[in-house]
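**Q** Sequence unavailable; structure follows:
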Ligand code: DOR
Ligand code: ZN
Ligand code: ZN
């Protein structure tokens, strides 16, 4: 099937240009002023076409916790949020820490309607599997206790992982970030810090004179909420790392503007409402459906520009994780595209969400600027509130 997207403005190389996009065989074939004949035409008048977002950090809960989410519902939420690729975390049940479990997860993910990749888990004793594993996004290291029992505290193992030739993604909070930075001084791999949430953490991740390449991720909840929101939302605003002060939040926004922050990812971590009401509630909040609307609303409030959003959510995750043929609107690249309407005003409503958990800490927020159409591998997957259930692919990686 071929599609022509016409009358819209396309984001290419930092500018918005008025051209048409011709899509065929899952690829962007031509960016053109011509009116090429296609099986289907999408009128994008008064809209902007951006690269589909790559969410580098989600927990879609398969296997083992499908009462919270699964690859279908999680990917529906992603598609509705303008996200065309997700990278799934390994703290499932059982965790993704050996090749056989990775294979099993690959099978489960076949129902995903957005493209997907996998972070591989590390434990105190799976270094042999880490050496063998291929075609994963990164090796994820949990240096703190969190959902799923994957805390890694053996110094020698950490050292080995940090000097493997694979990208390492770190859940580290506070002093563990400092510890990680000490450990990687002599390593040669790329280190990615997940969900940096405080002024101090940001300072450590980007101010030490380390020769490694380092990237820093922040999450929408740390950009748009602070600890004071816990008063009203209780456990529904509790995640790890937790919400911080206004001053920390300000430092994160500064980091966005001065380039210390490389990417924004959701850390989509759904739990059921019932679980959140328990005394020993689990940590984490969903985020796939709300990240882009929150950022587009911030754009409308002049808090950041479109170029920044695209760098942080499309281009940089593709570069950091070496995702092939994605992150940019370019002839020959995969036709993963998000059409946004900067003038659409809508409220986030729990009961309208696609995530299985059906709640968001942003319930009731009125936002201006929404994704309206999501095209994945050249298929029309999300269209003005409706989902078309078309399965997607596992990503491939550049050398
Ligand atoms: O809040 C969190 N939830 N932080 C994590 O590190 C894990 C996540 C989850 O899986 O629920
Ligand atoms: Zn984490
Ligand atoms: Zn996470």
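**A** Okay, I see it. Just so it is clear, the structure is predicted and the values come from calculations on it, not from any experiment. Numbering: from 1, shown residues only. Ligands and ions are numbered 1, 2, ... in the order given.
**Q** ok, now which ones touch the residue of the chain found nearest ligand 2?
**A** Nearest residue of the chain to ligand 2: residue 171, at 3.3 Å (C-beta to the ion). In short, each C-beta sits where N, CA and C put it, glycine included. By C-beta atoms under 8 Å, 6 or more residues apart in numbering, residue 171 lies in contact with 140, 141, 142, 143, 144, 146, 194, 195, 240.
**Q** rerun that using 6 Å as the cut-off
**A** By C-beta atoms under 6 Å, 6 or more residues apart in numbering, the residues touching residue 171 are 142, 194.
**Q** Kindly list the main-chain dihedrals of it?
**A** With angles defined as degrees, to the nearest 10, residue 171 sits at phi -90, psi 100.
**Q** Over to residue 317?
**A** phi -60, psi -40.
**Q** Identify the residue nearest it in space, chain neighbours excluded?
**A** residue 54 (4.0 Å; C-beta to C-beta, 6 or more residues apart in numbering).
**Q** Count the residues that sit near that neighbour.
**A** 29 (other C-beta atoms under 10 Å).
**Q** And it, how far from residue 98?
**A** Using C-beta to C-beta, to the nearest Å, residue 54 is found at 26 Å from residue 98.
**Q** ok, now residue 41?
**A** Counting by C-beta to C-beta, the gap from residue 41 to residue 98 is 48 Å.
**Q** tell me, what residue is most central in this structure?
**A** residue 55 (1.7 Å; C-alpha atoms, centre = their mean).
**Q** Helix, strand, or coil at it?
**A** Here residue 55 is recorded as strand under DSSP: H, G, I helix; E, B strand; the rest coil.
**Q** List the contacts of it.
**A** 83, 86, 265, 266.
**Q** Pairing partners for it in the sheet, please.
**A** Note on residue 55: beta-bridge partners residue 86, judged by DSSP bridges.
**Q** And the helices in the stretch 251-399 of the chain, which stretches?
**A** Ranges of helices in the stretch 251-399 of the chain, per DSSP state H, counting those that start in this stretch, are 273-277, 291-300, 306-310, 316-320.
**Q** and if you look at the stretch 51-200 of the chain?
**A** So, for the stretch 51-200 of the chain - with DSSP H, counting those that start in this stretch - the helices run 71-80, 99-108, 127-132, 155-162, 175-183, 199-207.
**Q** Just confirm residue 393 contacts residue 115, I think it does.
**A** Yes - using C-beta atoms under 6 Å, residue 393 is in contact with residue 115, at 5.4 Å.
**Q** between the two, who's got more neighbours?
**A** residue 115 (26 against 17).
**Q** quick one on the thing from earlier: and the residue nearest to residue 317, what pLDDT?
**A** Note for residue 54: predicted pLDDT of 99.
**Q** now swap in residue 150 and tell me
**A** At residue 150, pLDDT is 75.
**Q** just residue 206 next, same as before
**A** 81.
**Q** how about low-confidence regions in the stretch 151-300 of the chain?
**A** Applying pLDDT under 70 to the stretch 151-300 of the chain flags the ranges 186, 208-212.
**Q** again, 90 this time
**A** For the stretch 151-300 of the chain, the stretches with pLDDT under 90 are 151-160, 162-165, 172-190, 204-213.
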